[in-house]
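> How does the following fold in three dimensions:
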Amino acid sequence: MHRTNKNNFFQIVLIVLGISSFAAMLASYCLWKKAKITLSPRPEKWVKVGNVSNLIIYPIKSCHGGIIETGVVTQLGLKALNGKILDRLFMVVDEAVKQVTMLKFPKMSLIRVEFSQELDDTRITLSAPEMQSITLKIPEPNGKNKRI
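Next up is the predicted model:
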């Protein structure tokens, strides 16, 4: 008799869990459907609201950005016209290959990244106050690139 009460208890718990899971899924679906309906449709007439004064990309995460004259919007973000410089293409890592950001090292924001928009120029120059500049060639992506 004791075993039967335990089995009944577990059956009731499973039924309650099933009903509550169904109710949660139903509520989620209703909220999703409501959000989908309330989204604004595409406007029929576009109104100018301003001008773009600068396009800035940040080739190295957490470092100062660089202004580009023209760019291409890709699935991965904004890319300079030369096709070699992509927004946040690089990041600084430590010895354990973990990213280093300006949240931990705020002075990283002082590192300036300069690059040419010429089609055949694949170099970036890094400079910071009171430090010597360094110029690096951007490697061609081939799956065999090494950390520099």
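> Backbone dihedrals for the nearest residue to residue 127 once chain neighbours are set aside, please?
In this structure, residue 127 finds its nearest non-sequential neighbour in residue 133, 4.1 Å apart by Cβ to Cβ, 6 or more residues apart in numbering. Using the backbone N, CA and C atoms, a C-beta is placed for each residue, glycine as well. Main-chain torsions, residue 133, degrees, to the nearest 10: phi -70, psi 150.
> And residue 90, by the same measure?
Main-chain dihedrals, residue 90, degrees, to the nearest 10: phi -120, psi 160.
> All further residue positions should be reported with the first residue as 346.
Okay, using 346 as the starting number, the last item reads as residue 435.
> burial count for residue 425?
Residue 425 has 22 neighbours, counted by other Cβ atoms under 10 Å.
> Residue 472 and residue 436, how far apart?
18 Å (Cβ to Cβ, to the nearest Å).
> immediately after the helix or strand residue 370 falls within, which helix or strand?
Element membership of residue 370 [criterion: DSSP states H and E] is helix 347-383. Beyond helix 347-383 in the direction of the C-terminus, DSSP H and E gives the next helix or strand as strand 400-402.
> Partner strands of that next one and their direction?
Strands that pair with strand 400-402, judged by DSSP bridges, come out as strand 411-413 (antiparallel).
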